[in-house]
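1. Just a sequence and a predicted model for now, questions to come.
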Amino acid sequence: KAGVTQTPRYLIKTRGQQVTLSCSPISGHRSVSWYQQTPGQGLQFLFEYFSETQRNKGNFPGRFSGRQFSNSRSEMNVSTLELGDSALYLCASSLAKTGSRVGGELFFGEGSRLTVL
Amino acid sequence: AQSVTQLGSHVSVSEGALVLLRCNYSSSVPPYLFWYVQYPNQGLQLLLKYTSAATLVKGINGFEAEFKKSETSFHLTKPSAHMSDAAEYFCAVSGSLIQGAQKLVFGQGTRLTINP
């Protein structure tokens, strides 16, 4: 079974540009979450999508957005990039079902490392 | 709100020695707790999870953790360290009160170094 696939793995952008990152979840997983990992702030939750709906959102500015497609693939977009957006962006998928608190496992991709110059 | 504190950003042990990584949590509801491991240039891999069943949880690679409600702790242990255990370890608590929503709140991580 293929794991969570994130593309691109590495990218370099300049301030003011925008970037789109892609995530393909494990087949059958309907929940996709995004996390930002930086040395200073650690792992921070960005948002989670389930069946094309955003169910939960972290404390990030509106420049950070995402979406999920009908095949559960997800993209996140960061507009007007700032130096502080340099980070490893991790996508995770899970079987998560409605009607119960999370208890299942999140499967993480290897991440997209964004460098903003 | 849910939060996690990992005591010690760096832990160094000798090969064959006991590994103990400390994690304390705060949660307004009965917590679901997790330990993840991250190797260089990779994503996170689940080691083990506590979801209100047995308080002593066994995971992969010989790791285990004990949930202690009175101490709000979920420390990770391994009896005998191996060189391949060198990595960064993250403790996490389920951060969402929304039914079914997936959100983890992570600790700052502990980098484990194994000395030969």
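-> Great, that's in hand.
2. Spatially nearest residue to residue A:4 (excluding sequence neighbours)?
-> Nearest residue to residue A:4, sequence neighbours excluded (CB to CB, 6 or more residues apart in numbering or on different chains): residue A:109, at 3.7 Å. Heads up, the C-betas are built off the backbone N, CA and C, glycines and all.
3. And the strands in chain A?
-> Using DSSP state E, the strands found in chain A span residues A:5-7, A:10-13, A:19-24, A:31-38, A:42-50, A:53-57, A:64-68, A:74-78, A:87-94, A:107-108, A:112-116.
4. Could you name the helices and strands sitting against the last one?
-> Contact analysis of strand A:112-116 by 3 or more CB pairs under 8 Å, 6 or more residues apart in numbering or on different chains; DSSP states H and E lists strand A:10-13, strand A:19-24, strand A:87-94 as its packing neighbours.
5. Give the partner strands of the helix or strand bottoming out on mean pLDDT in chain A in its sheet and their orientations.
-> Least confident element among the helices and strands of chain A, by mean pLDDT, DSSP states H and E: strand A:53-57 (a mean of 88). Sheet partners assigned to strand A:53-57 using DSSP bridges are listed as strand A:42-50 (antiparallel).
6. pLDDT (mean, whole number) over the partner strand?
-> In this model, strand A:42-50 has a mean pLDDT of 93.
7. how far does it sit from the chain's center?
-> With CA atoms, centre = their mean, to the nearest Å as the basis, strand A:42-50 stands 6 Å off its chain's centre.
8. just for chain B, where's the confidence low?
-> Applying pLDDT under 70 to chain B picks out residues B:95-102.
9. Can you tell me how far the residue in chain B positioned nearest to chain A is from residue B:103?
-> Taking CB to the nearest CB, chain A has its nearest neighbour within chain B at residue B:43, 3.5 Å off. Distance from residue B:43 to residue B:103, counting by CB to CB, to the nearest Å: 17 Å.
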